[in-house]
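Peer 1: Below are the sequence and a predicted model; questions follow.
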Amino acid sequence: MSSLNEKYLQEQIDWLSSNMTDLKGHVEGNSRDMDIAWLVLTGAMVFFMQAGFAMLEAGIVHPKNVTNILFKNMIDASIAAVCFWLLGYGFAFGKDVSGFIGNSNYGLRAVYNGAGDGGSDGWQSWFFQWAFNGACATIVAGSVAERAKLEAYFVYSTVVSTFIYPVVVHWVWGSGWLSAWGAFPDAQDQARPIFNHDTRSNGMIDFAGSGVVHMVGGFCGLMGAIVLGPRKGRFGPNGEVNTLFEGNTTLQSLGVFILWFGWYGFNCGSTLMISDNAANVAGKVAVTTTLSAAAGAIVATALSKIVSGVYDISMGLNGILAGLVGITASCAVVNPWMAFLIGGGAAIILVAGHYLILKLKIDDPCDACVVHGFCGLWGVLCVGIFCTDVNVQYAAYPNTNEACGSGEQFAVQVVGALCIIAWTCGTSAVLFLTITHTVGFRVSEEIEDVGLDASEHGLSNVFPKGEQVSPLSPCLSVADGEPKNGIAHEMGSIPTAGEGAAYPAVNTEYLQAQSAYVVNNSVISM
């Protein structure tokens, strides 16, 4: 009887052991699948930000250039996909060459069915990183809007997506010299992050891309705006700043809220996984991202009221974006109250930067260089200012040390930020100057007057030359102004012409052109 019981118990133990192995395999497989699904989902959210950029920029440019800016957003994503597939992903995450650039996996040669040998094959990583690449390239479109040749745009979008951006990705997120995840691996494949080249240092912390994505896009846009020059009529002979078009605040608002939504994919998805404690980190990132955006909106709105005397919704919307850009680097390594201060600080930089570039006569229609470049710089530095060593370890950075408490992390962030600025400004300046002296960068004054929709896309231009159309009513010319009292003045949505100014006359020329356009298209559709 005893031997029978022992045999039975042994059979039960063997059965349990076998099933536990199977169960462990199922759990690991489910965790892998959840991590892959997480990157696909959040990557799709980041890609949806292209729609946000498109709506925001369409709400800023003159109606005669709306189709052109929408086209650029469409082609950006497409160019980025092909370029990142062929070369960019290999430059970013390929085998390290002297800490500067990757050199393998071109055309996704190392990604194929079964490449992961039971783990992840790597498809989702390319998809997620491509969405970031597309966002970076799109930023530049806002800075050079309304006067850049389309052929020139094809060239610089290709170069930014293929080379300028991927090199910085390799530095910070690959195994480059600034990386927190494998900088300058030695012969034993051990990381050597700056400054100490061992576990006493973290390397540069840029969790979701204040520097990698936004500084690169923003400073590329700044150089483009400088080389291209201001739009015709933007600055007067005595340095006065002229408003060329008041903008469509409906489209601007839609664009910003789409971007805010997509930013949760941008920041939370940068955990790169959802299993283990990564879900907790993602939840924390969602909180800090929200608070920074909210603080940016509130502070920017308050400053616009103080400076201009009105509640400027465009400045408030840009304040949201400034707060989002500012928190992107540090969202996993700061506490909520720190996130609020970071967002508020980003709004101050936004307003100051807005007036600074105007003072310097740099024409960036979307303030892209300020929102993404200047506020991205602030975000990178805020890691060193506000991070704590406990938060860095909670965010699963590989080394346990006191780099934040000792001040070393701030020094690393400064070095990283300066190098990103030098690389981006230097390479993009060469790129834009080369374009200027070859294919040409800027359209002629005649084309700028008519609008890029007509010249580049063959669309009928129904706006009389020199006419500025109010986004609030197609029947009103903003040149004549609106009465200063009432809601329009309080919100600062359209210019005023002084107390007691009369409502402008109906723009009959515009209405006739619109009527002819509708009739012609109705005949065609019949």
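Peer 2: That came through, no problem. Numbers count the residues shown, from 1 in each chain.
Peer 1: now the helices for the stretch 201-350 of the chain?
Peer 2: 216-228, 249-268, 278-308, 313-327, 336-359 (DSSP state H, counting those that start in this stretch).
Peer 1: Roughly how far does residue 318 sit from residue 371?
Peer 2: 6 Å (C-beta to C-beta, to the nearest Å). To be clear about C-beta, it is placed using only N, CA and C from the backbone, and glycine gets the same treatment.
Peer 1: ditto for residue 319
Peer 2: Residue 319 sits 9 Å away from residue 371, taking C-beta to C-beta as the criterion.
Peer 1: Pull up the overlap in contacts between the two.
Peer 2: Shared contacts of residue 319 and residue 371 (C-beta atoms under 8 Å, 6 or more residues apart in numbering): residue 350.
Peer 1: can you pull the contacts of residue 330?
Peer 2: Counting by C-beta under 8 Å, 6+ apart, residue 330 touches 205, 207, 210, 288, 338, 339, 342, 379, 382, 383, 386, 387.
Peer 1: Those into a markdown table, with extra columns for distance to residue 80, neighbour count and pLDDT?
Peer 2: Listed next are the contacts of residue 330 as a markdown table, based on distance: C-beta to C-beta, whole Å; neighbours: other C-beta atoms under 10 Å; pLDDT from 0 to 100:
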| residue | distance to residue 80 | neighbour count | pLDDT |
| --- | --- | --- | --- |
| 205 | 25 | 26 | 97 |
| 207 | 22 | 25 | 97 |
| 210 | 20 | 33 | 97 |
| 288 | 28 | 25 | 98 |
| 338 | 33 | 21 | 98 |
| 339 | 29 | 28 | 98 |
| 342 | 28 | 32 | 98 |
| 379 | 22 | 35 | 98 |
| 382 | 28 | 28 | 98 |
| 383 | 26 | 30 | 98 |
| 386 | 32 | 19 | 97 |
| 387 | 31 | 27 | 96 |
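Peer 1: circling back: could you dump the helices of the stretch 201-350 of the chain into JSON lines and include distance to residue 108?
Peer 2: Converted to JSON lines, the helices of the stretch 201-350 of the chain look like this (distance: least, C-beta to C-beta, whole Å):
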{"stretch": "helix 216-228", "distance to residue 108": "23"}
{"stretch": "helix 249-268", "distance to residue 108": "22"}
{"stretch": "helix 278-308", "distance to residue 108": "25"}
{"stretch": "helix 313-327", "distance to residue 108": "30"}
{"stretch": "helix 336-359", "distance to residue 108": "36"}
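Peer 1: Need the contacts of residue 330 in TSV (columns: distance to residue 76).
Peer 2: Below are those laid out as TSV (distance: C-beta to C-beta, whole Å):
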residue	distance to residue 76
205	28
207	24
210	20
288	28
338	33
339	30
342	28
379	23
382	28
383	28
386	33
387	33
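Peer 1: any idea how far residue 55 lies from residue 254?
Peer 2: 5 Å.
Peer 1: Among those two, which residue is more densely surrounded?
Peer 2: Neighbour count, other C-beta atoms under 10 Å: between residue 55 and residue 254, residue 55 has more, with 23 against 18.
Peer 1: The residue lying closest to the more buried one once chain neighbours are set aside: neighbouring residues, count only.
Peer 2: With sequence-adjacent residues excluded and distances taken as C-beta to C-beta, 6 or more residues apart in numbering, residue 55 is closest to residue 255, at 3.4 Å. By the measure other C-beta under 10 Å, the count of residues near residue 255 is 24.
Peer 1: For residue 255, list the residues it contacts.
Peer 2: 51, 52, 53, 54, 55, 56, 57, 58, 59.
Peer 1: now do residue 210
Peer 2: 325, 326, 327, 328, 329, 330, 375, 376, 377, 378, 379, 380.
Peer 1: how about 6 Å then?
Peer 2: For residue 210, the contact set (C-beta atoms under 6 Å, 6 or more residues apart in numbering) comprises 328, 329, 376, 379, 380.
Peer 1: ok, and the most crowded of the residues you listed?
Peer 2: Busiest of the contacts of residue 210 [other C-beta under 10 Å] is residue 329, holding 37 neighbours.
Peer 1: which helices and strands does the host helix or strand of residue 430 pack with?
Peer 2: In this assignment (DSSP states H and E), residue 430 forms part of helix 408-436. Helix 408-436 sits against helix 150-159, helix 216-228, helix 375-386, with contacts defined as 3 or more C-beta pairs under 6 Å, 6 or more residues apart in numbering; DSSP states H and E.
Peer 1: and residue 64, which of those is closest to it?
Peer 2: helix 150-159 (14.9 Å; C-beta to C-beta).
Peer 1: was I right about residue 270 contacting residue 205?
Peer 2: No: with contacts counted by C-beta atoms under 6 Å, residue 270 stays clear of residue 205, the gap being 11.6 Å.
Peer 1: Looking at residue 318 and residue 371, which has the bigger crowd around it?
Peer 2: Ranked by neighbour count (other C-beta under 10 Å), residue 318 and residue 371 place residue 371 first, with 32 against 28.
Peer 1: That one: what's it in contact with?
Peer 2: Residue 371 makes contact with 318, 321, 322 under the criterion C-beta under 6 Å, 6+ apart.
Peer 1: Among those, which one lies nearest to residue 81?
Peer 2: residue 321 (24.2 Å).
Peer 1: so what's that closest one up against?
Peer 2: Residue 321 makes contact with residue 371 under the criterion C-beta under 6 Å, 6+ apart.
Peer 1: Distance-wise, check it relative to residue 56.
Peer 2: Distance, residue 321 to residue 56, using C-beta to C-beta: 8 Å.
Peer 1: Could you check how far residue 59 is from residue 94?
Peer 2: The gap separating residue 59 from residue 94 is 39 Å, by C-beta to C-beta.
Peer 1: before we move on, what about residue 332?
Peer 2: Residue 332 is 26 Å from residue 94, by C-beta to C-beta.
Peer 1: the more surrounded of the two?
Peer 2: Ranked by neighbour count (other C-beta under 10 Å), residue 332 and residue 94 place residue 332 first, with 27 against 21.
Peer 1: Residue 395 is in contact with that one, correct?
Peer 2: Yes: at 3.8 Å, residue 332 and residue 395 qualify as touching, with contact defined as C-beta under 6 Å.
Peer 1: shared neighbours of those two, anything?
Peer 2: Contact criterion C-beta under 6 Å, 6+ apart; residues bridging residue 332 and residue 395 by contacting each: residue 281.
Peer 1: ok, back up a step: check the contacts of residue 330 against residue 110 and report the nearest one.
Peer 2: The closest of these, once distances to residue 110 are taken by C-beta to C-beta, is residue 207, at 25.6 Å.
Peer 1: Now the closest one, what are its backbone angles?
Peer 2: Here is the backbone geometry of residue 207 (degrees, to the nearest 10): phi -60, psi -50.
Peer 1: between the contacts of residue 255, which has the most around it?
Peer 2: Using other C-beta under 10 Å as the neighbour criterion, residue 56 leads the contacts of residue 255 with 29 neighbours.
Peer 1: Report the rounded mean pLDDT for the one helix or strand that residue maps to.
Peer 2: Assigned by DSSP H and E, residue 56 belongs to helix 2-58. Here helix 2-58 scores 82 as its mean pLDDT.
Peer 1: need the next SSE after that helix, C-terminal direction.
Peer 2: Where DSSP H and E defines the elements, the next helix or strand beyond helix 2-58 is helix 66-83.
Peer 1: what's the angle from that next one to helix 150-159?
Peer 2: If you take axes from the mean of the first three to the mean of the last three C-alpha atoms, to 10 degrees, helix 66-83 sits at 30 degrees to helix 150-159.
Peer 1: what's in contact with helix 66-83?
Peer 2: Helix 66-83 has contacts (C-beta under 6 Å, 6+ apart) with 50, 53-54, 57-58, 61, 130, 133-134, 137-138, 141, 145, 153, 157-158, 161-162, 452-453, 456-457, 459.
Peer 1: swap the cut-off to 8 Å and go again
Peer 2: For helix 66-83, the surrounding residues in contact (C-beta under 8 Å, 6+ apart) are 47, 50, 53-54, 57-58, 61, 88, 130, 133-134, 137-138, 141, 145-146, 150, 153-154, 157-158, 161-162, 451-453, 456-457, 459.
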